[in-house]
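Asks: Here's my sequence, what's the structure:
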Amino acid sequence: MKQPKAGDHVRWDTSQGETSGTVMRKLTRETRIKGHVARPTPEEPQFLVKSDRTGAEAAHKPGELKKG
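Replies: Okay, the predicted model is just below:
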């Protein structure tokens, strides 16, 4: 998948199976999310995604995300 944008619906794999959510925004600098520190850069961005099932937010690398 090319890089997602805010509002895109995406899927990704977890240890419990596949889950889905919505891209909230692109991250290009260090960001703290629930005690975890994501370290994206402008060259290697990550994406803040909100889970459909739990509402939890997490940072994901674009290679982990699938459109849909």
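
Asks: give me the element Ala59 is part of.
Replies: strand 57-60 (DSSP states H and E).

Asks: can you pull the buried residues of that strand?
Replies: Buried positions in strand 57-60, judged by neighbour count with 16 or more other CB atoms under 10 Å: 58-60. For every residue, glycine as well, the C-beta is placed using N, CA and C.

Asks: And stretch 49-62, by the same measure?
Replies: By neighbour count on 16+ other CB under 10 Å, the buried set for stretch 49-62 is 49, 58-60, 62.

Asks: Looking at those, which one is closest to Glu43?
Replies: Pro62 (12.1 Å; CB to CB).

Asks: so what's the closest one up against?
Replies: 1, 3-4, 45-47 (CB atoms under 8 Å, 6 or more residues apart in numbering).

Asks: quick one: pLDDT of it?
Replies: With respect to pLDDT, Pro62 scores 94.

Asks: Can you name the residues in contact with the top strand by length along the chain?
Replies: Longest strand in the chain, counting residues (DSSP state E): strand 17-27. Residues from elsewhere that reach strand 17-27 (CB under 8 Å, 6+ apart): 3-12, 38, 40, 45-53, 57, 59, 65, 68.

Asks: Buried ones among the residues you listed?
Replies: Buried subset of these (neighbour count, 16+ other CB under 10 Å): 4, 8, 10-12, 38, 40, 46-49, 59, 65.

Asks: Provide the secondary structure category for Gly63.
Replies: Secondary structure for Gly63, judged by DSSP: H, G, I helix; E, B strand; the rest coil, is helix.
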